[in-house]
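next comes the sequence, and after it the predicted model I'd like to discuss.
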Amino acid sequence: MSAGEQASIQELLDRTVAGERLSAAATAALLADGETLLAVGRAAAAMRRARLPTEQVTFALGHILAVPDLGSEADLAEKLAAVVAAGCSEVTFRAAPLAAVTRAVAAAKAHTPQLHYGLAVDAAGWAAGDVNTAAALAALRDAGLSFLVQDSGSQQDGTVWLDVVDAAYDLGLDAAPTIVVRAHETVAERAAQLVQVRDWQDGRRPRRGAAAAHRSCVVIAASGAGDRAVSPFDYLRTLAVLRLCLDTTTHVSAAWGHVGAEVAQLSLSFGADDLGTIQPPTPTAHTSSTGAAGQWLPRLSRDELVRLIRTAGWTPAQRDTSYGLVETF
C-alpha cells in the first residue's frame, strides 16, 4: 500500500472516530485491507472508550445443560446445586424439543429461581419446522426463560437469527445480534453482515424490558470448508471494523471459546469490552465444551480469565445476561 493510500485510510478512521458513519463501501474497504490492521484496531479501541468510558471488561459465568441428559427432578436439583456452587449466574439449555425445554425451564426456575435461564436457539431449524417464534418464546418466558443465544453449531442465515432477536425484544428477553466470521466468506459477504445488523438496529423501534438496557453484538468464529479455521487476523479485523461500523452498539463481545484465550485478550485492544460466557468446571461437567462445528476450546477457569483481563490492563467484572454487574475483581 502506498503512503497516500495509508493516509486515506487513516483519514477515514479519524472521521469515523469523530462521528462520521462508515458507508457500506468503506466498511468493505477496511475489512479488505490487511496492512492497516493496527490502525483499525486503534480506531476501534478509541470508539470503544467513547461508547463505554469504563476500564471494566466483563464476562459471565454460566453452564450448558442438555435437556435430554437432565434425568429425574433429583438429578436436575443436583446439577443446579453444582452450578450455583461454581459461582454461575446463568444456565443455557440446548438440544431438545421446545416442549421439553419449556418443562425443564419451569422446573429449574421453581427449584433455583436466582439463576438466569436461557436457550441456545437453532433459528434455521425453527424456520424449517414452521415454529411460531413469538408463541414459543412467550411460553418459554412465562416458564422462566430470560435470554437467548444463537446456537453456534447450526448453519443459519443472519436474517433468520435477527428475526428471533426481534421477537425476543418484544417479549423483554435478552438476546444479541451475532456476527459469524467464516473462513470461506468473501469481504463483501462479511461487510453485508455488519451493515445488515446496523440497519436492523437503526430500524428497531424503542423497546422496554430487560433487553432495553443495552445494545450488544457477539462475534464468533466458524470453521470453513474442510474445517479451515478463521485466522486470528481475520477475527480481530472483523471485530474492530464491527466496533466502527455498528456505531450505536455499546457492548462488543468476543467469544473466547471460538478463538482461544490469547486472541480474546488481544480483542480487548481491538474494540471488545466483553469476553462472553465461561463455563467453570462442576462435579456434573466434562472438562471441555462443544460449540460451533465442535471447535470450542478447553475451558478457562474464572481466575484464569480474571488474570487474562487484568494482564491486558483492564478491570475484570462478572456480569449477568443484562450486563448488570455481579462482582468486580
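That came in fine, so what should we check first?

tell me, how many residues neighbour residue 25?
9 (other CB atoms under 10 Å). Heads up, the C-betas are built off the backbone N, CA and C, glycines and all.

next one: phi and psi at it?
Note on residue 25: backbone dihedrals following degrees, to the nearest 10 are phi -70, psi -40.

quick check: it vs residue 245, distance?
12 Å (CB to CB, to the nearest Å).

residue 187 too?
Counting by CB to CB - residue 187 and residue 245 are separated by 13 Å.

out of those two, which sits in the more crowded spot?
residue 245 (27 against 15).

ok, and the helix or strand in the chain with the lowest average confidence?
helix 256-259 (a mean of 81; mean pLDDT, DSSP states H and E).

other SSEs contacting the helix or strand following that helix?
For helix 256-259, the following helix or strand on the C-terminal side (DSSP states H and E) is helix 261-267. With contacts taken as 3 or more CB pairs under 8 Å, 6 or more residues apart in numbering; DSSP states H and E, helix 261-267 sits against helix 232-245, strand 251-254, helix 256-259, helix 302-311.

need the winner for burial among those.
helix 256-259 (a mean of 26; mean count of other CB atoms under 10 Å).

could you export that one as CSV, CA atoms only?
What follows is helix 256-259, C-alpha atoms only, in CSV (Å, rounded to 0.1, in the frame of the first residue of the first chain):
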residue,chain,number,x,y,z
TRP,A,256,-13.2,-16.5,23.6
GLY,A,257,-14.2,-20.2,23.2
HIS,A,258,-14.0,-20.0,19.4
VAL,A,259,-10.7,-18.2,19.1
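
quick one, helices of this structure?
Ranges of helices in the chain, per DSSP state H, are 3-17, 24-32, 37-51, 73-85, 98-111, 123-128, 133-143, 158-170, 187-203, 232-245, 256-259, 261-267, 302-311.

show me what the second one is packed against.
Here helix 24-32 is seen to pack against helix 3-17, helix 187-203, helix 232-245 when contacts are counted using 3+ CB pairs under 8 Å, 6+ apart.

looking at those helices, which is closest to residue 263?
helix 232-245 (4.7 Å; CB to CB).

count the neighbours of residue 186 for me.
So residue 186, with other CB under 10 Å, has 12 neighbours.

give me phi/psi at it?
phi -80, psi 170.

cool, residue 301 as well?
phi -80, psi 170.

go ahead and confirm it touches residue 280.
Yes - if you go by CB atoms under 8 Å, residue 301 and residue 280 touch, sitting 6.0 Å apart.

out of those two, which sits in the busier spot?
Neighbour count, other CB under 10 Å: between residue 301 and residue 280, residue 280 has more, with 20 against 12.

separation between the more buried one and residue 59?
11 Å.

ditto for residue 239
Taking CB to CB, one finds residue 239 at 16 Å from residue 59.

and for residue 262?
Taking CB to CB, one finds residue 262 at 16 Å from residue 59.

look at those two and report which has more neighbours.
Counted by other CB under 10 Å, residue 262 and residue 59 do not tie: residue 59 has more neighbours, with 24 against 11.

and that one, what is it in contact with?
Residue 59 sits next to 274-278, 305, 309, 316-319 when contact means CB atoms under 8 Å, 6 or more residues apart in numbering.

at 10 Å instead, please
Contacts for residue 59 were tallied using CB atoms under 10 Å, 6 or more residues apart in numbering; they are 253, 256, 264, 274-278, 300, 302, 305-306, 308-309, 316-319, 326.

buried ones in the longest strand along the chain?
As assigned by DSSP state E, the longest strand anywhere in the chain is strand 56-66. Neighbour-count burial for strand 56-66 flags 56-65 (criterion: 16 or more other CB atoms under 10 Å).

please tell me how far the most centrally placed residue in the chain sits from residue 275.
With distances taken as CA atoms, centre = their mean, the residue of the chain nearest its centroid is residue 218 (2.8 Å). Distance, residue 218 to residue 275, by CB to CB: 11 Å.

what touches both of those two?
Common neighbours of residue 218 and residue 275 (CB under 10 Å, 6+ apart) are 253-255.

a markdown table for the residues you listed, including pLDDT and distance to residue 200?
Shown next, in a markdown table, are the shared contacts of residue 218 and residue 275 (pLDDT from 0 to 100; distance: CB to CB, whole Å):
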| residue | pLDDT | distance to residue 200 |
| --- | --- | --- |
| 253 | 95 | 17 |
| 254 | 94 | 21 |
| 255 | 85 | 20 |
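
of those residues, just say which sits nearest to residue 230.
Out of the shared contacts of residue 218 and residue 275, the member with the shortest distance to residue 230 (by CB to CB) is residue 255, at 11.3 Å.

show me the contacts for that closest one.
Taking CB under 10 Å, 6+ apart, one finds 149, 152, 178, 180-181, 218-221, 235, 264, 267, 272, 274-277, 291-292, 296 in contact with residue 255.
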